[in-house]
Every structure is written in C-alpha cells, then in structure tokens.
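>>> Sharing a model prediction with you, sequence too.
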Amino acid sequence: MEEGHVRSRQLDEIGELTREYASYSRDAVGLGGVLGGLLYLLTRSLWYSGRRDGLDWVTVALIVATPLIWIAAQEWLRRWHYQSEGLVQQRETLVDRIAFWSFAVVGTAVSIAVAFSIWAFNGPSGFGAILRATVATLIVLALPVVTGWFLRGRYEYFVGACMMLHAARAIYSWGLFHYASLASKPDSMPPAGFYLQGLIGTVETGGLLCAVLLIVEGWKQHQKFRQVRDRLTALRVQA
Amino acid sequence: MNSLPESVMGLDRLVHEPARLVILSALSTAENAEFRFLEFLTGLTAGNLSSHIGKLEAAGYVTIEKTFRNKRPLTTLKITDAGREALKNYRAQMKKALA
C-alpha cells in the first residue's frame, strides 16, 4: 500500500465501494429481505388457514414470533455477514431523514388508530378478551418503534408493519371470533370491527406485493454485495 | 535544478501519502467506519494504520471514537469537514497538475 500508486479512478472506486458496503448497515438488507418476504408469505398463509380452521396457540405463537425472528435474523446477517469486515455506517442524507420521519408519522398514526379501534370495537368482554386486547394493543403501539428502529427500506417497513398487524390480529382474534368463511362476519364481532378488519386486510394485501418485491430486491442486493466484497478484496490485492 | 510546478508543490503532503489517501477516500463516503474495516481495505498492519490515523487526527482530518462492544474495544473513525475539504482540494490540485 505505501509504495503503491493510487490513481484517481481507484480513489473514486474505493469511495463508491465503501458507500455500497456501508449501505448494508441500514438501507440494503440482502438475504434479510428474502427471509422477511418469505416469512410474511408464511404468516399470511398461517393467518388465513387459522382463520378458516380456528387459530390454535401454536399458530398464534408462530405468527407473533415471526417479526421477532425476522428482525433478529436480519440483524445477525448485517453484523456477521454483510459487515463482517468491520462496521461502516451509511451516511444519512436529507432524503433519508425525510423518508424516516414520513414513515414514523404514518406508522404512528396507523398504530394509534388501530389501538383505538381495538378498544372501541371490542365486542366481547371478559378477562380473556381484555387480556388479549391489551397484548394486541401493546404490539400495535410497538409498531412504529420497532419498524422505525430496525426496518428502513420502503418494502421492508411495509412488510414489517403488516407482520406486526398480523401478530396483533392473531392474538386479538384467538378463540374470540369464528369465521364461517373468509368474507363472513363472525356473530360476536361488531359491524364496525368487521369493516375495520376488512380495511386492515386490504392494506395487508398490499403487503403481499411488497413481500414479493422485497424478496426480489433482497436477492439482487445480496448478489451486489458479493460483487462489492470481491472488488474490495481485489483493490486490496492491487494496492 | 528546475523547481517543480507550483501545482505539484502545493499538494497537501499529509493527504498525498497513498494509505492516508485511501483512508480519507473511504471515510468520505460513509458516516463512520470501524478501524477493522480500514485494516481490511488498506491491508496495513494495525500499528502502521494507527500511525497514519494518528497523523490524520493530529491534522484535524479525522476524529476517533473509542468505545466497547461486548467488552471488546471498538475504534470508530469519522472524517471531519476539514478532512473532506482537504481531500477535495487535493484531488482538484492533482487533476490540475496532471492536466
């Protein structure tokens, strides 16, 4: 390195590769995105099969654990795979800050609205229902914090938010409502609650598209990372 | 002996050294970087890299933060505005000198 001649083009490349490498500290998720997309599809199928056949505690536990598993796996991948040569933090631009606060505001508004609706449309009463509603509310209120802290990409954020909404709905609905079909209203559910569930369900359908896009984007990012790492290694050898 | 062109004489020698040039170039595109990454990037030994970083820090081109993560020391470097400016000026001067 000391005797090497560093050309201008190489300096540009070093800067660019460092920028790319640093992006895996925040925006780029790579295999974490692939995993998140697949887990969302799994959550979604578990939710619908559970809704039709009745949610058992194993299904509910799986649905609730899914966002936690995803976030833990994603952080592990970041630290031990994508930043294994040393931590490099991505620079935050004004656009990033605006995007972050936009997500935070929308996430908080959705979170408060859903938390309010859980109590406003909470048809059945009793200790069990209140306990489930409390846990569901806590999950929903944690949504903007968890997604804002760990999930920074647009697809990532949306899929993560939908996963947490699924978790809250699974806990809230567990043993409470029986759906004769996917489109029918359970007897014990107030109409407003049913329409709200329908609205959330529609939003979550958008999550399906985002999950597929997240899988594709994550895979592309993973391939890109391999190129970045190879180029960084090659530059080091040249130097 | 003929004197060197002014554009070459005016180059910042602190930045001109290849290892320091690589360190500044890498730091300029990131918020901060761990010492270990710069070790990987430059291929320098820890002692040699520390020496270069010490010079950059003394010039006010980088700041060093020493913390602990999982009870292990973690050294993080960040380029300062002066360091960014020095790199920018150096590259402009170099371009001019080579033109």
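That came through, no problem. Residues are numbered from 1 along each chain as shown, chains lettered A, B, ... in the order given.
>>> any idea how far the closest residue to residue B:41 other than its chain neighbours lies from residue A:86?
Nearest-residue entry for residue B:41: residue B:26, 5.8 Å, with adjacent residues in sequence omitted and distances by CB to CB, 6 or more residues apart in numbering or on different chains. Just so you know, the C-beta spots here come from the backbone N, C-alpha and C atoms, and that holds for glycine as well. For residue B:26, the distance to residue A:86 equals 11 Å [CB to CB, to the nearest Å].
>>> so the residue nearest to residue B:41 sits in a strand?
No - read with DSSP: H, G, I helix; E, B strand; the rest coil, residue B:26 is helix and lies in no strand.
>>> Do I have it right that residue B:28 meets residue B:77?
No - with contact defined as CB atoms under 8 Å, residue B:28 does not reach residue B:77; the gap is 11.5 Å.
>>> ok, those two, which is more surrounded?
Legend: neighbour count by other CB atoms under 10 Å in any protein chain shown for residue B:28 and residue B:77, higher for residue B:77 (23 against 18).
>>> Show the model's pLDDT score for that one.
With respect to pLDDT, residue B:77 scores 96.
>>> Likewise for the one 4 residues further on?
At residue B:81, the predicted lDDT confidence score is 95.
>>> Give me the number of neighbouring residues for it.
By other CB under 10 Å, the residues close to residue B:81 number 9.
>>> Name the residues that touch the helix of greatest length in chain B?
Identified as the longest helix of chain B according to DSSP state H is helix B:81-98. If you take CB atoms under 8 Å, 6 or more residues apart in numbering or on different chains as the criterion, helix B:81-98 is touched by A:8, A:11, B:5, B:7-8, B:10-12, B:14-16, B:21, B:24-25, B:27-28, B:56, B:59-62, B:79.
>>> Which of those residues fall within strands?
B:62, B:79 (DSSP state E).
>>> Show me which of the contacts of helix B:81-98 are buried.
When the contacts of helix B:81-98 are checked for burial by 16 or more other CB atoms under 10 Å in any protein chain shown, the buried set is A:11, B:12, B:14-15, B:21, B:24-25, B:27-28, B:56, B:59, B:61-62, B:79.
>>> Throw these into JSON lines and include distance to residue A:81, thanks.
Formatted as JSON lines, those follow (distance: CB to CB, whole Å):
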{"residue": "A:11", "distance to residue A:81": "27"}
{"residue": "B:12", "distance to residue A:81": "37"}
{"residue": "B:14", "distance to residue A:81": "36"}
{"residue": "B:15", "distance to residue A:81": "33"}
{"residue": "B:21", "distance to residue A:81": "29"}
{"residue": "B:24", "distance to residue A:81": "27"}
{"residue": "B:25", "distance to residue A:81": "25"}
{"residue": "B:27", "distance to residue A:81": "23"}
{"residue": "B:28", "distance to residue A:81": "25"}
{"residue": "B:56", "distance to residue A:81": "30"}
{"residue": "B:59", "distance to residue A:81": "35"}
{"residue": "B:61", "distance to residue A:81": "31"}
{"residue": "B:62", "distance to residue A:81": "27"}
{"residue": "B:79", "distance to residue A:81": "26"}
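>>> what's the residue nearest to residue B:41 in contact with, if anything?
Residues counted as contacts of residue B:26 (CB under 8 Å, 6+ apart) are A:14-15, A:18, B:33, B:37-38, B:41.
>>> Most proximal residue of chain B with respect to chain A?
Residue nearest to chain A within chain B: residue B:37 (2.8 Å; CB to the nearest CB).
>>> hang on, that residue packs against residue A:87?
Yes - Residue B:37 lies in contact with residue A:87 (CB under 8 Å); the separation is 6.9 Å.
>>> Just want to know which of these two has more residues nearby.
Taking other CB under 10 Å, residue B:37 and residue A:87 do not tie; residue B:37 has more neighbours (25 against 20).
>>> how about the nearest residue to the more buried one, chain neighbours excluded?
Excluding the flanking residues, the one nearest residue B:37 by CB to CB, 6+ apart is residue A:86, at 2.8 Å.
>>> Give me the secondary structure label for residue A:27.
The assignment at residue A:27 comes out as coil when based on three-state DSSP.
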